[in-house]
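**Q** sharing a sequence plus its predicted fold:
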Amino acid sequence: GAVVSQHPSRVICKSGTSVKIECRSLDFQATTMFWYRQFPKKSLMLMATSNEGSKATYEQGVEKDKFLINHASLTLSTLTVTSAHPEDSSFYICSASVPSEETQYFGPGTRLLVL
Amino acid sequence: GEDVEQSLFLSVREGDSSVINCTYTDSSSTYLYWYKQEPGAGLQLLTYIFSNMDMKQDQRLTVLLNKKDKHLSLRIADTQTGDSAIYFCAEGDGGATNKLIFGTGTLLAVQP
């Protein structure tokens, strides 16, 4: 089956620093990847849609300069949280579309804690 | 706007059937999905149904879709303790750039 990995699985950083999260499709090529944010005991909120070789499409209310997304290859998308603050602490999950299937496969998530 | 609602919590005994319900508002959705999330983990796709279907069965899982009422359910037969997790329904238009709108999630607790 389609496997999506994320790295790191958890990260703690100081306020004001930047953190990069990687999302990889391991056994398929993903032209489209998605980044979600999940607050404790809440549903997933779509942050942006990332297409290989082009700029990401951000959802309303998501700051593109704050959450930088790069989809440089068909198997890798990165999310960089710039100048992180405690309110950015959350669980970030990526997913990738399988071209032949009508669904998305999700990574295991990255827990970010900003002190 | 788009809204997908689920009840927050369901508790069942091991061996019983579980039924998790979901209501959605976007009648143009092509696919409806059920995902499972275990603590601290990502989402695992359980099953999905095309909007022109009424029912889909996959081993212990049965999905029922009432398109008229915009109601989706997931029945888990012979529920096991390993089924304890949060279950999310989601709706989408299909295709590689298909955006998913997730429900609020139902926490299923299976008592031994």
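**A** Thanks, I have it. Numbers count the residues shown, from 1 in each chain, chains lettered A, B, ... in the order given.
**Q** residues from chain B in reach of chain A?
**A** Within chain B, the positions lying close to chain A (C-beta under 8 Å from any C-beta of the partner chain) are B:30-31, B:33, B:35, B:40-45, B:48, B:50, B:88, B:92, B:94-105. Just so you know, the C-beta spots here come from the backbone N, C-alpha and C atoms, and that holds for glycine as well.
**Q** pull out the buried residues from these.
**A** Among the residues of chain B next to chain A, those classed as buried by 16 or more other C-beta atoms under 10 Å in any protein chain shown are B:31, B:33, B:35, B:41-43, B:45, B:48, B:88, B:92, B:96, B:98-105.
**Q** identify the residues contacting residue 108.
**A** All of this is about chain A. A:5-6, A:9, B:41-42 (C-beta atoms under 8 Å, 6 or more residues apart in numbering or on different chains).
**Q** switch to chain B, that's the one I care about
**A** When contacts are counted by C-beta under 8 Å, 6+ apart, B:Leu108 touches B:10-12, B:18, B:20, B:76, B:79, B:83-87.
**Q** out of these, which are buried?
**A** Buried members of the contacts of B:Leu108, scored by 16+ other C-beta under 10 Å, are B:10, B:12, B:18, B:20, B:76, B:79, B:83-87.
**Q** which residues touch stretch A:32-42?
**A** Outside stretch A:32-42, the residues that touch it by C-beta under 8 Å, 6+ apart are A:23, A:25, A:44-52, A:67, A:69, A:71, A:77, A:79, A:90-97, A:104, A:109, B:96-97, B:99-100, B:104-105.
**Q** show me the shaky parts of chain B.
**A** By pLDDT under 70, the low-scoring segments of chain B are B:1-2, B:94-97.
**Q** can I get the buried ones among the contacts of B:Leu108 in JSON lines with secondary structure and distance to B:Gln59?
**A** Conversion of the buried ones among the contacts of B:Leu108 to JSON lines gives the following (DSSP: H, G, I helix; E, B strand; the rest coil; distance: C-beta to C-beta, whole Å):
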{"residue": "B:Leu10", "secondary structure": "strand", "distance to B:Gln59": "20"}
{"residue": "B:Val12", "secondary structure": "strand", "distance to B:Gln59": "18"}
{"residue": "B:Ser18", "secondary structure": "strand", "distance to B:Gln59": "14"}
{"residue": "B:Ile20", "secondary structure": "strand", "distance to B:Gln59": "16"}
{"residue": "B:Ile76", "secondary structure": "strand", "distance to B:Gln59": "10"}
{"residue": "B:Thr79", "secondary structure": "coil", "distance to B:Gln59": "13"}
{"residue": "B:Asp83", "secondary structure": "helix", "distance to B:Gln59": "12"}
{"residue": "B:Ser84", "secondary structure": "coil", "distance to B:Gln59": "18"}
{"residue": "B:Ala85", "secondary structure": "strand", "distance to B:Gln59": "17"}
{"residue": "B:Ile86", "secondary structure": "strand", "distance to B:Gln59": "20"}
{"residue": "B:Tyr87", "secondary structure": "strand", "distance to B:Gln59": "16"}
